[in-house]
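*Asks:* Structure of the sequence below:
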Amino acid sequence: CSMCAPGSFNPSTNQTSCAACSPGSFSAKNGSLSCDSCKPGHFAGNNGSTECAACSAGSFADKSASVICDLCAAGSASSGAGSVNCTLCSPGHFAGKNGSSSCADCAGGTFANTTGSVACAACSSGSVSKSGSVNCTECGSGTHPDSHQVQCLGDSCFPGEYRTVNDTCVACPAGTFSPDVNATSCSSCAAGTFNPSTNQTSCSSCSAGSFNAK
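*Replies:* Residues are numbered from 1 along each chain as shown. Sure thing, here's the model as predicted:
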């Protein structure tokens with residue numbers, strides 16, 4: 001008599017053929033009387049399997065005899081092969097799609113304060129956060145967030161100055177002025193007024209006998 005090949009079995013006597021192992025099971029050796037079920041974290045999708053494959057990262061199988069592996073839901077991840085479950089993303093991290101192998105850090109300027117987040121929320125105006133934050137921190141008096149809300153910058157720009165795109169304070173040039181704190185630009189002196197100096201908060205009217213047309 002011939003032995004049943006790997007991937008097949010025969011539990012009875014007087015048989016003319018061997019049966020293939022069904023999906024979710026396998027036999028690894030010749031002469032098997034039965035097939036073994038795939039253990040959790042593994043699967044066999046076809047008839048006649050000689051071994052079970054490990055679920056890939058980002059998927060899992062939480063029971064034995066699995067035919068397929070399920071993808072981790074958004075907000076969770078599995079980092080290694082053969083996972084039996086997925087782990088919820090910890091606060092400060094997120095997974096925005098199904099089948100994630102890892103949770104990503106929330107970017108600076110955002111936060112996530114619960115487990116299993118699928119996205120991170122933006123910090124409110126006037127607050128900042130570093131990468132992977134669970135909350136945002138309000139900037140103190142005399143400071144303000146940078147353009148990405150990652151850090152609080154130094155003292156506010158004073159009247160007579162303006163803030164550049166690089167978050168530095170620069171004196172208004174002659175012929176211009178800025179009366180406000182944290183201005184983003186300086187205004188030109190109106191016709192009939194002038195300003196010969198930098199860092200000014202207003203322009204002066206032309207005196208009697210003089211004019212400025214522009």
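*Asks:* residues contacting residue 29?
*Replies:* Neighbouring residues of residue 29 by C-beta atoms under 8 Å, 6 or more residues apart in numbering: residue 6. Glycine gets a C-beta too; all of them are placed from N, C-alpha and C.
*Asks:* Model confidence score at it, please.
*Replies:* Per-residue pLDDT puts residue 29 at 94.
*Asks:* likewise residue 190?
*Replies:* Residue 190 carries a pLDDT value of 91.
*Asks:* Can you get me a residue count around it?
*Replies:* When counting by other C-beta atoms under 10 Å, one arrives at 12 neighbours for residue 190.
*Asks:* Equivalent analysis for the one 5 residues further on, please.
*Replies:* By the criterion of other C-beta under 10 Å, residue 195 has 21 neighbours.
*Asks:* Tell me the spacing between the residue lying closest to it once chain neighbours are set aside and residue 46.
*Replies:* Computed as C-beta to C-beta, 6 or more residues apart in numbering, the closest residue to residue 195 that is not its neighbour in sequence is residue 203, at 4.4 Å. Distance, residue 203 to residue 46, using C-beta to C-beta, to the nearest Å: 84 Å.
*Asks:* Same question for residue 139.
*Replies:* 60 Å.
*Asks:* next one: residue 56
*Replies:* Where residue 46 is concerned, residue 56 sits at a distance of 17 Å (C-beta to C-beta).
*Asks:* Check residue 120 too.
*Replies:* Residue 120 is 41 Å from residue 46, by C-beta to C-beta.
*Asks:* Neighbour count for those two, which is higher?
*Replies:* residue 120 (22 against 12).
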